[in-house]
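[1] Based on what follows, work out the 3D shape:
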Amino acid sequence: MSIPAQKTLSRRAAIVGAAAATLWPARVAAVEDFPQTEVAWRQQLTEFEYKVMREGYNETRGTSPLANETRAGVYACKGCGLEVFSSTQKINDGSGWPRFAQPISGRVFTRRNGRFFGIGTNVGCTRCQSHLGIVESGTYRMNGIALTFTPGQGA
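    Numbering: from 1, shown residues only. Modelled structure (predicted):
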């Protein structure tokens, strides 16, 4: 059973409340040609992409082909195309996820959460607010399903 978009947005607004202004950074100025409503997001993304990017789930270790990507290039948010990581910061450690030392400055935000009986730090896109991954052991462990890769740029 799916929850109507209107109820989902109201629930999120109630949870985030007045703290939203301090937790969510200002958006990066750019043409916003990505979905503006939850209904539009559901139409653009697969069910699993939606769960990861809009509901904060994380993909299973070893399922992303981007984890083993070694070419020079740029990683962008799949939701809006904002370039968020450079291959120069990629850590190829065999962890099973795309992992980076640091993002491109100002392109992602971090926010603490209390999901799954522990405190963690989520990483999101500053432009479209999509969930991209988590901070783990001082590095950015990303969901490859939330990223696109363009080879040859930003080397």
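
[2] low-confidence ranges in the chain?
    1-33, 114-119, 153-155 (pLDDT under 70).

[3] OK, contacts around the spatially most central residue of it?
    For the chain, the residue lying nearest the average C-alpha position, counting by CA atoms, centre = their mean, turns out to be L132 (1.6 Å). With contact taken as CB atoms under 8 Å, 6 or more residues apart in numbering, L132 is in contact with M53, C77, V84, V108, V123, G124, C125, M142, N143, A146, L147. Where you see a C-beta, it was placed from the backbone N, CA and C, and this is true even at glycine.

[4] try L45
    Shown here is L45, whose contacts under the criterion CB under 8 Å, 6+ apart are M53, R54, G79.

[5] which one among those gets closest to E136?
    For E136, the nearest member of the contacts of L45 is M53. The distance, counting by CB to CB, is 18.3 Å.

[6] rewinding a little: save the contacts of L132 as CSV, and put in secondary structure, neighbour count and distance to S64 too.
    Written out in CSV, the entries for those read as follows (DSSP: H, G, I helix; E, B strand; the rest coil; neighbours: other CB atoms under 10 Å; distance: CB to CB, whole Å):
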residue, secondary structure, neighbour count, distance to S64
M53, helix, 26, 13
C77, strand, 25, 15
V84, strand, 27, 15
V108, strand, 25, 17
V123, strand, 23, 15
G124, strand, 24, 18
C125, strand, 27, 17
M142, strand, 27, 8
N143, coil, 27, 7
A146, helix, 29, 9
L147, strand, 24, 8
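
[7] mind giving me a markdown table with the residues you listed and columns for distance to S95?
    Supplementary listing: the contacts of L132 in a markdown table, determined by distance: CB to CB, whole Å:
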| residue | distance to S95 |
| --- | --- |
| M53 | 20 |
| C77 | 21 |
| V84 | 18 |
| V108 | 19 |
| V123 | 15 |
| G124 | 20 |
| C125 | 21 |
| M142 | 11 |
| N143 | 13 |
| A146 | 16 |
| L147 | 15 |
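
[8] Relative to T63, which of those is nearest.
    Here the nearest of those to T63, counting by CB to CB, is N143; it sits at 9.2 Å.

[9] measure that closest one to E47 for me?
    Using CB to CB, to the nearest Å, N143 is found at 15 Å from E47.

[10] ok, which stretches of the protein are strands?
    73-77, 83-86, 90-91, 99-100, 108-113, 120-125, 131-136, 139-142, 147-151 (DSSP state E).
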